[in-house]
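>>> Here is a sequence with its predicted model. Questions after.
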2 protein chains.
Amino acid sequence: MRFSVYKPPQAKTGKVPVLYYLAGLTCTDETFPTKAHAQAVAAELGLMLVAPDTSPREPRIPGDSEKWDFGQGAGFYVDATQAPWSTNYRMHSYITRELPEVIAANLPALPDATGIFGHSMGGHGALTIALRNPTQYKSVSAFAPIGAPMQAPWGQKAFTNYLGPDREKWREYDASELIARKAFPAHILIDQGTADQFLADQQLLPEKFSAAAAKSGQKLTLRMQQGYDHGYYFIQTFMGDHLRHHAQILKQ
Amino acid sequence: MRFSVYKPPQAKTGKVPVLYYLAGLTCTDETFPTKAHAQAVAAELGLMLVAPDTSPREPRIPGDSEKWDFGQGAGFYVDATQAPWSTNYRMHSYITRELPEVIAANLPALPDATGIFGHSMGGHGALTIALRNPTQYKSVSAFAPIGAPMQAPWGQKAFTNYLGPDREKWREYDASELIARKAFPAHILIDQGTADQFLADQQLLPEKFSAAAAKSGQKLTLRMQQGYDHGYYFIQTFMGDHLRHHAQILKQ
């Protein structure tokens, strides 16, 4: 598994908070450092940035690259339970256990100052991972996340194939199901473009996530950004706000 | 011909300076807005950014995509004089005349506040275009430019094919030849990574450009940046410095 790391200047003289970014469908570990325009503000704030890949790349599974929204580049940040995916498509364990161990062993990471954020499929990943591991992750935010995957075509396709037909087993990977049950300790920031084609296609459903958050009393800022689409120009524009959101919490 | 434009917030209420960015070999009009991380600082400074493509894309010429350093994506910002390139590979005229007319007619560009910069082949383009048109362009800078193309394999290959075998005709497109003759009115900023493979390959030759600049008394800051390579992480890192260099001159 490949991943990208940005070390801020502050990491030369001490340990720094670590912020994980989970990318969306079809992306790789290079998408974030190339397109998200985060490094300059991270340098100011003293945040280390870690960007994993979006699925295993080896060993190959027959047909794993036939679809852009399932298989290679589309791991959905779950631990698959269905063959043949269950052997290697274990992205939840990779992000929450294997990768942090590698980071801790090799980089100057503050142990109790970890945040996570992401885009689209990666926004779903960040929200579900933070909500399931609220002591490990102190801060979470998302750009145009898949907010209620059990109710959206992308999520249903992925969960059926990775987790099997029993919908009860999907609930642990649905941000709306999780947040309705229990609030996350910190304020959550979400940005969503109003001209996002996948918003119109009912893939993202931020209104369902927002309604679920209200049930548990979650502090949530959901900003509907006029005229922005689903792409990285949208992400670049609000990247600074997200980094400051995380820094404010992680540097307390 | 496609091109990208970034309009800063200041363009909503008035005309703003325009800064052209010329990209390098294999790049397109999307490379700069995606990878160069310029928009946030341009928003602060009130600079409009224009990023043209690196060659014509239509009509196709047999074999025009066989080489990565000649033909498609490798126009070298010259007006070709040799068939079949001479019909459409006229990038110098496109950048200096056709495109500025389109910008002036459609966007809030200040008429006497134009700068130009670029990377690698585009650094060569920016330097030669500014040096040949010093009243049209008020400011110029470059990242890892091809500083003396007549003496480098990339330049020799391109000039032989676009301009023919007569080396006398190459001089008008060689930044070192031009600057030895006459200084540019404004200070020039160049950044060059010391770990750049193309520096080692003698494709860039910044020391020859620097020596030529000394002949005409050109004010030049050539910064050898330790450990940086030829890629866009290098460019991102020093983008803010370049934008401020241009803004300082263009907003006088």
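Sure, I can see it.

>>> Can you find the residue of chain A that comes nearest to chain B?
Among residues of chain A, the one nearest chain B by CB to the nearest CB turns out to be A:H37. It sits 4.6 Å away. All C-beta atoms are positioned from the backbone trio N, CA, C, and that covers glycine.

>>> Wait, that residue touches B:V41, no?
No: in this structure A:H37 lies outside contact range of B:V41 using CB atoms under 8 Å: 10.3 Å.

>>> follow-up on the earlier one: measure the residue of chain A closest to chain B to B:D53 for me?
22 Å (CB to CB, to the nearest Å).

>>> So between these two, which is more surrounded?
Neighbour count, other CB atoms under 10 Å in any protein chain shown: between A:H37 and B:D53, A:H37 has more, with 25 against 22.

>>> Could you check the pLDDT of the more buried one?
At A:H37, the model reports a pLDDT of 97.

>>> Let me know whether my guess that it is in a strand holds.
No: under the criterion used here (DSSP: H, G, I helix; E, B strand; the rest coil), A:H37 is coil, not part of a strand.

>>> Once you drop chain neighbours, what's closest to it?
Residue nearest to A:H37 in three dimensions, not counting chain neighbours: A:Q236, with 4.2 Å by CB to CB, 6 or more residues apart in numbering or on different chains.

>>> Tell me if the one you found really is in a helix.
Yes: under three-state DSSP, A:Q236 falls within a helix.

>>> Might you report the residue contacts of it?
For A:Q236, the contact set (CB atoms under 8 Å, 6 or more residues apart in numbering or on different chains) comprises A:35-37, B:37, B:39-40.

>>> Okay, buried residues for stretch A:53-72 please.
Across stretch A:53-72, burial judged by 16 or more other CB atoms under 10 Å in any protein chain shown covers A:53-57, A:64, A:70-72.

>>> Going by distance to B:G193, which of those residues wins?
Nearest to B:G193 among those, counting by CB to CB, is A:D53 at 26.7 Å.

>>> how about low-confidence regions in chain A?
For chain A, no stretch has pLDDT under 70.

>>> Including distance to A:T13, could the contacts of A:Q236 go into CSV?
Output for the contacts of A:Q236, formatted as CSV (distance: CB to CB, whole Å):
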residue, distance to A:T13
A:K35, 29
A:A36, 26
A:H37, 25
B:H37, 25
B:Q39, 31
B:A40, 26
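
>>> so which strand or helix has A:D191?
strand A:188-193 (DSSP states H and E).

>>> chain center to the following helix or strand past that strand, what's the gap?
Once the chain leaves strand A:188-193, the next helix or strand it forms, by DSSP H and E, is helix A:197-200. The chain centre lies 19 Å from the centre of helix A:197-200; the measure is CA atoms, centre = their mean, to the nearest Å.

>>> buried residues in helix A:197-200?
Buried, per 16+ other CB under 10 Å, within helix A:197-200: A:198-199.

>>> Alpha carbons of that helix, as PDB, please.
Backbone C-alpha positions of helix A:197-200 (Å, rounded to 0.1, in the frame of the first residue of the first chain) are rendered in PDB as follows:
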ATOM      1  CA  GLN A 197     -24.000  16.500 -10.100                       C
ATOM      2  CA  PHE A 198     -23.800  13.700  -7.500                       C
ATOM      3  CA  LEU A 199     -25.900  15.800  -5.100                       C
ATOM      4  CA  ALA A 200     -28.600  16.100  -7.800                       C
END
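
>>> Residues in contact with it: which ones?
By CB under 8 Å, 6+ apart, the residues outside helix A:197-200 that reach it are A:120, A:144, A:192-193, A:204, A:206, A:229-230.

>>> Please work out how many residues are found near the closest residue to A:R90 other than its chain neighbours.
Distance criterion CB to CB, 6+ apart; nearest residue to A:R90, sequence neighbours excluded, is A:D79 at 4.5 Å. A total of 18 residues lie near A:D79 under the criterion other CB under 10 Å.

>>> What separation is there between A:D79 and A:Y89?
Distance of A:D79 to A:Y89, given as CB to CB: 8 Å.

>>> What lies in contact with stretch A:147-160?
Stretch A:147-160 is contacted by residues A:25, A:69-70, A:74, A:76, A:78, A:121, A:123-124, A:127, A:146, A:167, A:170-171, A:173-177, A:190, A:201-206, A:208-210, A:212 when judged by CB under 8 Å, 6+ apart.
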